[in-house]
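Chemist: Please find the sequence and the predicted model below.
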Amino acid sequence: MRALNILLVVIVILGQLKAQTVDGEIFDKAPELEDYNFVCGTQAIGANYKFTKESFIVEQAKHIQGMGSNILKISMGKNYAKSYGMKPASGIKTTLDLIKKKEDYQKVMDMDFKYIFAWVHTFTEAKWQDGLTSEEKLMLYREMYELTEYVLKTYSGSGKTFLFGNWEGDWLLHGLGKRDNIPSDEKVQGMIDWFNIRQIAVDDAKRNTPHEEVEVWHYIELNLVTKGLEGKKCIVNSVLPHTNPDLVSYSSYEIIKKKPTYLELKKAVGEAMDYIESKLAEKDGVPFKRRVYIGEYGYQTNANQDDAKQLFLTKRMMRVSLDLNLPFALHWEMYNNEYTNAGVSKGMSMISEEGKKKPVYYLHQNFYSEMNEFLKTYKNEHKVYPEYEVFKKKGIEVLGKL
C-alpha cells in the first residue's frame, strides 16, 4: 500500500509538471476588464525567446492580456520576420498586406484590447529622407489610407482605438544614437511631408469610411526633447510646428534615468511634455485630456540595479504619468530583446529569459486588478465611470500601497 501511495504521488507530481509546460498554463487568466483607459501599459515589440508554440507576437499579447491590461503595442514593418520570428511571406507591398498575409497580426488585433498601438513603417519604396516625389507621396498616402479604412470597417462597433505612429523619430532624423548630428534641411522637410501625408490619410479615411465605436489616431514619436529645450535642431523644434498630429509620443530614456527623486523626475518629465505641447496647434476631437504621452520608458537590471530597483523606478514613473495627466505610459517591455555586446541581457522585461514573472509584472497586474475593482464599484454606485481626476487620485493611492 505504501509503495502504491508513493507511486500515486509521483504520478500526480509528474502530471502537474507536464501541465505547467502546455501552452495555456503559462498564461494568467485574463480578467473581465471595465471599459476604461488604465493609462499604464506595456509593449510586445520583438523578442529573443518564447515558451510556447505561439509566435513571439501572440505569446506576448496573451501575457499582456493575462496580466490584466487592455493596452497592446506592436510593430508593423519590413523587419517583421526578424522581429517576431515569423517566416517571410511573399507579395507584401503594404502594411495592410502584412496584416492579411500574416494571420498572427490579425489574431492579436482581434484579442480583447481596447487600445492598440503600432509602429507603422512603409513597405513601399518611398524614402522621405531625400525628399518625396509626387509618386512617393501618393504611395505613402494610399498605404496609410487603406490601413485606416480596413481597421475602421473591420472593427466597427468593437470599441477599439488604434494608434498608428513611428518608432523613435529623432533617431530616424539624426541617425541612431547620433544626438549631436545636425539634420539637413532636405531631411527635415522630407520628415515633415511624411508625417503630414500620414495624418491627412488617416483623416480622409475616417471622413470617407462609415464606422461607429472604433477610432484611429495618428501619432508622432520623438526622443530628443532635451535637445529641443537647448534650442537645437530636432523634431520638436524643426518638424512638429509644421505638422499637427493627433498625438505625440515621447520615448523618454534621456530624462528618466537621470532623476534621483520623485519631484525631480516629475519636474523634468513635466517640462518636456509642456514643451512638446507648446509646439502643437490646437485640435478638436481628440478624446484625451492631453495629446502627449510616454511611448517608452523602462529600466535595466544589469546596470547596477536589481529587480527591486527596477520595481521602485517603474512604480515611480507610473505615478508621474498619472500625476501629469498623461493618457498613456508604456513600459518597455513584456519580453527582453536588448543585450550588451557581451550577450548579457539588459533585463528590461516583465518576464525573463527563464520564464520568470518579475516584480514589475506583478506591479502592473495588481494595479490593474485594484483599479478594475474600483471602476466596477464606482460605476455600480454612480451609473457612470469616474472622471479622469478621480481615477488618477485613486491610481496614485493604489500605487502607494503596492
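Modeler: Yep, it's here.
Chemist: C-alpha from now on. contacts and neighbour counts both.
Modeler: Will do.
Chemist: SS state for residue 203?
Modeler: helix (DSSP: H, G, I helix; E, B strand; the rest coil).
Chemist: same deal with residue 302?
Modeler: Three states are possible here, and by three-state DSSP the one that applies to residue 302 is coil.
Chemist: ok, now residue 163?
Modeler: Three-state secondary structure (criterion: three-state DSSP) places residue 163 in strand.
Chemist: can you pull the contacts of it?
Modeler: 115, 116, 117, 118, 216, 217, 218, 219 (CA atoms under 8 Å, 6 or more residues apart in numbering).
Chemist: and if you look at residue 147?
Modeler: In this structure, residue 147 makes contact with 95, 96, judged by CA under 8 Å, 6+ apart.
Chemist: What of residue 291?
Modeler: By CA under 8 Å, 6+ apart, the contact set of residue 291 is 246, 247, 248, 277, 326, 327.
Chemist: Could you rerun that using 10 Å?
Modeler: Residues in contact with residue 291, defined by CA atoms under 10 Å, 6 or more residues apart in numbering, are 219, 245-249, 273, 276-277, 280, 283, 326-328.
Chemist: Just put those in JSON lines and tack on neighbour count and secondary structure.
Modeler: Conversion of the contacts of residue 291 to JSON lines gives the following (neighbours: other CA atoms under 10 Å; DSSP: H, G, I helix; E, B strand; the rest coil):
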{"residue": "219", "neighbour count": "23", "secondary structure": "strand"}
{"residue": "245", "neighbour count": "21", "secondary structure": "coil"}
{"residue": "246", "neighbour count": "23", "secondary structure": "coil"}
{"residue": "247", "neighbour count": "23", "secondary structure": "strand"}
{"residue": "248", "neighbour count": "25", "secondary structure": "strand"}
{"residue": "249", "neighbour count": "26", "secondary structure": "strand"}
{"residue": "273", "neighbour count": "22", "secondary structure": "helix"}
{"residue": "276", "neighbour count": "24", "secondary structure": "helix"}
{"residue": "277", "neighbour count": "18", "secondary structure": "helix"}
{"residue": "280", "neighbour count": "20", "secondary structure": "coil"}
{"residue": "283", "neighbour count": "11", "secondary structure": "coil"}
{"residue": "326", "neighbour count": "21", "secondary structure": "coil"}
{"residue": "327", "neighbour count": "21", "secondary structure": "coil"}
{"residue": "328", "neighbour count": "25", "secondary structure": "coil"}
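Chemist: Buried ones among the contacts of residue 163?
Modeler: Those of those that meet the buried threshold are 115, 116, 117, 118, 216, 217, 218, 219, by 16 or more other CA atoms under 10 Å.
Chemist: Identify, from those residues, the entry nearest to residue 72.
Modeler: Closest to residue 72 out of the buried ones among the contacts of residue 163 is residue 116 (4.9 Å), distances taken as CA to CA.
Chemist: now that closest one, what's its secondary structure?
Modeler: Under three-state DSSP, residue 116 falls in the strand class.
Chemist: From what I see, it and residue 76 are in contact.
Modeler: No. Using CA atoms under 10 Å, residue 116 makes no contact with residue 76, being 11.9 Å away.
Chemist: what sits in contact with each of the two?
Modeler: Common contacts of residue 116 and residue 76, defined by CA under 10 Å, 6+ apart, comprise residue 164.
Chemist: Let me have the contacts of residue 163 in a markdown table, adding pLDDT and distance to residue 378 as columns.
Modeler: Listed next are these as a markdown table, based on pLDDT from 0 to 100; distance: CA to CA, whole Å:
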| residue | pLDDT | distance to residue 378 |
| --- | --- | --- |
| 115 | 98 | 22 |
| 116 | 98 | 26 |
| 117 | 98 | 28 |
| 118 | 98 | 32 |
| 216 | 98 | 28 |
| 217 | 98 | 29 |
| 218 | 98 | 32 |
| 219 | 98 | 32 |
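Chemist: Can you tell me which of those is closest to residue 377?
Modeler: Within the contacts of residue 163, proximity to residue 377 (CA to CA) peaks at residue 115, which comes in at 22.7 Å.
Chemist: hmm, back to that, could the buried ones among the contacts of residue 163 go into JSON lines alongside distance to residue 107?
Modeler: JSON lines is the format used below for the buried ones among the contacts of residue 163 (distance: CA to CA, whole Å):
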{"residue": "115", "distance to residue 107": "15"}
{"residue": "116", "distance to residue 107": "12"}
{"residue": "117", "distance to residue 107": "15"}
{"residue": "118", "distance to residue 107": "14"}
{"residue": "216", "distance to residue 107": "19"}
{"residue": "217", "distance to residue 107": "21"}
{"residue": "218", "distance to residue 107": "22"}
{"residue": "219", "distance to residue 107": "23"}
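Chemist: Could I get the full set of strands for the protein?
Modeler: If you assign secondary structure with DSSP state E, the strands in the chain sit at 40-42, 71-76, 115-120, 161-165, 215-222, 247-251, 292-297, 329-331.
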